[in-house]
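>>> I would like the atomic coordinates for the input below:
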Amino acid sequence: MVKGKISAVRVSDVRFPTSLEQHGSDAMHSDPDYSVAYVVIETDDGLRGYGITFTVGRGTEIVVCAVEALSTLVIGKTLEEIVSDFSGFYRLLTSDGQMRWIGPEKGVIQLATAAILNAIWDMWARAEGKPLWKLLVDMEPKQLIRCIDFRYITDALTEQEALDILERAKEGKQQREEQMLKEGYPAYTTSCAWLGYSDQQLTQLCSAALAEGWTKFKVKVGADLQDDIRRCSLVRKMIGPENTLMIDANQRWDVSEAITWVTKLAEFRPLWIEEPTCPDDILGHAAISKALAPLGIGVATGEQCHNRVMFKQFLQASALQFVQIDSCRVGSVNENLATILMAAKFKVPVCPHAGGVGLCELVQHLILFDYISVSASLDNRMCEYVDHLHEHFKSPTVIRNAHYMPPK
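Numbers count the residues shown, from 1 in each chain. Below you'll find the predicted structure:
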């Protein structure tokens, strides 16, 4: 492994005016300008790693300040020093005796942590000459375990339990990797039904998606019930009874309101209601899950779940039926590894949140790892795809037959 020391951490505020055409619009974010805090970490011998964290416009400058504040903990270290004790480095970033006060492990400081760690993981993959998913898949279980900070989650998942999950999944691992290289990982689309789109635009996009082979569709809901009924009816009629429909309220409702509202949309047979209420309300999600279970509607959440501890509690409380990890909300790959392994123990499928700027490019690596090295299942599993802004990447996501094709 390269021996150079990290000599620079640079961060940029990059924004795209997606609000002009209502791309990304939902019941709580009516005018998002998709943005990133874009981090480049460089060693004194020329190796670079690139990382991002996703935002929706105003406030990105605050994340940039947080990255700059954390950079002092990174400069001077070698990549080998970091990855040989990756859980220790994660704890260094998240447990600084002064900066943790503005977290800990949540909000702006955790977004900044994610950006830095995403860049470190990218640097490690580049040093090994592999895409990130392959770096993860090729790791021995004990090495993977050393990347995870198990503090606060051992009442739900011990290191030994995580190790056992990874060891059991070795059976058939090579065949699953070959399957992914050939077929890819199943995806669903959110691009057809942003809340700000007209019925005509929704119809055109849905027709085009069907022609391209998409079979799983998500509709944004939550602002107006009659509008939701009309739009869900329109989409369900277009995609037919055999295809999959999901709905997403982006945290719009109170608990009782969510139950009432979704019950009135049950005729359209959504697989899940996503983010029905405050993302911090674990018991509220549990109540919604219990109420909607007789209707065959699950609850999905996680894109604004602060950290592994909240995911632990969601799982312990049976408050969600679909775990939606995000590459930039929690502490990068390290914390997502913990969540993926907890989900495996609790037998809850992982269906990542994506879209934004670069979220598809990032999370595809994690979901490939989950299938190949952890879950070994595609039952009720899919990864979100949003067809915006991929042209700005040197290696954009490749979708074929509504499947993510593994990056090479």
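
>>> give the contact list for Thr397.
360-361, 364, 385, 390, 404 (C-beta atoms under 8 Å, 6 or more residues apart in numbering). (C-beta placed from N, C-alpha, C; glycine too.)

>>> once you drop chain neighbours, what's closest to it?
Spatial nearest neighbour of Thr397, chain neighbours left out: Cys360 (4.5 Å); criterion: C-beta to C-beta, 6 or more residues apart in numbering.

>>> is the nearest residue to Gln321 once chain neighbours are set aside in a bridge, and if so with what?
With C-beta to C-beta, 6+ apart as the criterion, Gln321 has its nearest non-adjacent residue at 3.3 Å, and that residue is Gly298. Taking DSSP bridges, one obtains Trp272 as the residues bridged to Gly298.

>>> from Arg269, how far off is Gly298?
According to C-beta to C-beta, to the nearest Å, Gly298 stands 12 Å off from Arg269.

>>> neighbour count winner among those two?
More neighbours surround Gly298 than the other of Gly298 and Arg269, with 21 against 14 (other C-beta atoms under 10 Å).

>>> hmm, the more buried one is touching Glu274, no?
No - here Gly298 does not reach Glu274: they are 9.5 Å apart, not a contact under C-beta atoms under 8 Å.

>>> for Ser214, the count of nearby residues, please.
Just to correct that, residue 214 is Trp rather than Ser. Quick note: Trp214 (other C-beta under 10 Å) scores 22 neighbours.

>>> is it fair to say it lies in a helix?
No - looking at Trp214 with DSSP: H, G, I helix; E, B strand; the rest coil, it is coil, so not inside a helix.

>>> for it, phi and psi?
Trp214 adopts backbone torsions of phi -70, psi 140, taken as degrees, to the nearest 10.

>>> show the contacting residues for the residue nearest the centre of the chain.
Nearest to the geometric centre of the chain sits Asp326, at 2.0 Å (C-alpha atoms, centre = their mean). Contacts for Asp326 (C-beta under 8 Å, 6+ apart) come out as 54, 302-305, 352-353, 359, 363.

>>> mind running it again at 7 Å?
302-303, 352-353 (C-beta atoms under 7 Å, 6 or more residues apart in numbering).

>>> report the contact partners of the residue nearest to Arg100 when sequence neighbours are not counted.
In this structure, Arg100 finds its nearest non-sequential neighbour in Thr94, 6.6 Å apart by C-beta to C-beta, 6+ apart. Applying C-beta under 7 Å, 6+ apart to Thr94 gives the contacts 100, 103-105, 113, 331.

>>> following the chain onward from the helix or strand where Leu210 lies, which element is next?
According to DSSP states H and E, Leu210 maps onto helix 199-211. Per DSSP H and E, the first helix or strand lying C-terminal to helix 199-211 is strand 216-220.

>>> buried stuff in the helix or strand just after that next one?
Scanning forward in sequence from strand 216-220 by DSSP H and E, the next helix or strand is helix 225-239. Residues of helix 225-239 classed as buried by neighbour count (16 or more other C-beta atoms under 10 Å): 228, 231-232, 234-236, 238-239.

>>> same thing with stretch 81-98?
Neighbour-count burial for stretch 81-98 [16+ other C-beta under 10 Å]: 82-83, 86-87, 89-91, 93-94, 96.

>>> which among the residues you listed gets closest to Leu292?
Among these, Thr94 lies closest to Leu292 (C-beta to C-beta), at 34.5 Å.

>>> now the helices for the stretch 101-250 of the chain?
107-128, 132-138, 141-145, 159-168, 173-183, 199-211, 225-239 (DSSP state H, counting those that start in this stretch).

>>> for Gln226, see how far away the residue nearest to the centre of the chain is.
Relative to Gln226, and taking C-beta to C-beta, Asp326 is found at 31 Å.

>>> what's the answer for Val74, then?
Counting by C-beta to C-beta, the gap from Val74 to Gln226 is 52 Å.

>>> now swap in His403 and tell me
Going from His403 to Gln226 by C-beta to C-beta gives 36 Å.

>>> which of the residues in stretch 96-105 are buried?
Going by 16+ other C-beta under 10 Å, stretch 96-105 has these buried residues: 96, 99, 103, 105.
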